[in-house]
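S.K.: Pasting the sequence and the predicted coordinates here, then a few questions.
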Amino acid sequence: LNSMKGDGVANAMFQEKYNIDIIGSGDFSDNPMIEQYHYSSAITGCLRNGELFPALKILNGMKVHALTPNESSLQGIILAYCKLATEASSAEFNEARRQRFDKNKKKKSTRGPILPVKH
């Protein structure tokens, strides 16, 4: 649909994949553009499957066509960003903790062997 509305990027992708030039084949100016609802549904579907980056690409597509996502889609993107940031922070904390543990473990092992004490 976007190709039919004159979207060159969508048309180029369609040409590359199917070898069909939609823009060059006629005037489709009275065909409807993909509506905000479709974009928002696609964003929600991506987020339900834990796919933040495809959802962001869809959001950028909405910006190109001057559409705004619904409240649910925006909330989902914000929550996905929060989850991503929390996971990254936790991974960083766990890595620092592991490195500190490994460093302390090496320090203890540099004392040499423990010799038996004779009484």
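M.R.: Yes, it's here.

S.K.: what sits against residue 82?
M.R.: If you count contacts by C-beta atoms under 8 Å, 6 or more residues apart in numbering, residue 82 has none. (C-beta placed from N, C-alpha, C; glycine too.)

S.K.: Next one: it from residue 75, what distance?
M.R.: 11 Å (C-beta to C-beta, to the nearest Å).

S.K.: Then residue 66?
M.R.: Computed as C-beta to C-beta, the residue 66 to residue 75 distance reads 21 Å.

S.K.: between those two, which one's more packed in?
M.R.: Per other C-beta atoms under 10 Å, whichever of residue 66 and residue 75 has more neighbours is residue 75, with 13 against 8.

S.K.: Give the rounded mean pLDDT of the strand or helix carrying the more buried one.
M.R.: Here residue 75, judged by DSSP states H and E, is contained in helix 71-109. Mean pLDDT, computed over helix 71-109, is 82.

S.K.: So which residue is smack in the middle of the protein?
M.R.: The residue lying closest to the centre of the chain (C-alpha atoms, centre = their mean) is residue 53, at 1.8 Å.
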